[in-house]
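**Q** Build the 3D model from these lines:
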Amino acid sequence: MALSIVYGSVSYFPVFDLLIHRQTYVYSESLRILHLKHHQLLILLEVFSMFDR
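**A** Okay, here's the model as predicted:
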């Protein structure tokens, strides 16, 4: 109940809505970048292990 009231008052102010959307966007973007970096690291590790043999 309280959450819906808070959300209702938030949606009245588009600025807050934009802030929340920007936060989630930035968060998802950084997660995606982290995922890509992780992927690159795994590839590097595989290459190194190939040279190691």
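
**Q** all helices of this protein, in order?
**A** 2-12, 14-52 (DSSP state H).

**Q** And those helices, which one averages the lowest pLDDT?
**A** Per-stretch mean pLDDT for the helices of the chain is lowest at helix 2-12 (a mean of 57).

**Q** a markdown table for the helices of the chain, including mean neighbour count?
**A** Where C-beta positions appear, they are placed from N, C-alpha and C, glycine not excepted. Output for the helices of the chain, formatted as a markdown table (neighbours: other CB atoms under 10 Å):
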| stretch | mean neighbour count |
| --- | --- |
| helix 2-12 | 10 |
| helix 14-52 | 10 |
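
**Q** Next one: Glu29 from Gln40, what distance?
**A** Using CB to CB, to the nearest Å, one obtains 17 Å as the distance from Glu29 to Gln40.

**Q** Please disregard the earlier target; I meant Ser30.
**A** On the measure of CB to CB, Ser30 and Gln40 end up 15 Å apart.

**Q** same check, this time on Arg22
**A** Arg22 is 27 Å from Gln40, by CB to CB.

**Q** And Leu31, by the same measure?
**A** Leu31 is 15 Å from Gln40, by CB to CB.

**Q** What of Met50?
**A** Taken as CB to CB, the span from Met50 to Gln40 is 16 Å.

**Q** who's in contact with Arg22?
**A** Under the criterion of CB atoms under 8 Å, 6 or more residues apart in numbering, Arg22 has no neighbours.

**Q** Look up how far Glu29 lies from it.
**A** In terms of CB to CB, Arg22 sits 10 Å off from Glu29.

**Q** got it, and Leu45?
**A** 25 Å.

**Q** got it, and His35?
**A** 11 Å.

**Q** Equivalent analysis for Glu46, please.
**A** Glu46 sits 26 Å away from Glu29, going by CB to CB.

**Q** Ok, Ser49 next?
**A** 31 Å.

**Q** before we move on, what about His21?
**A** From His21 to Glu29 the distance is 12 Å (CB to CB).

**Q** Check His38 too.
**A** Distance from His38 to Glu29, by CB to CB: 15 Å.
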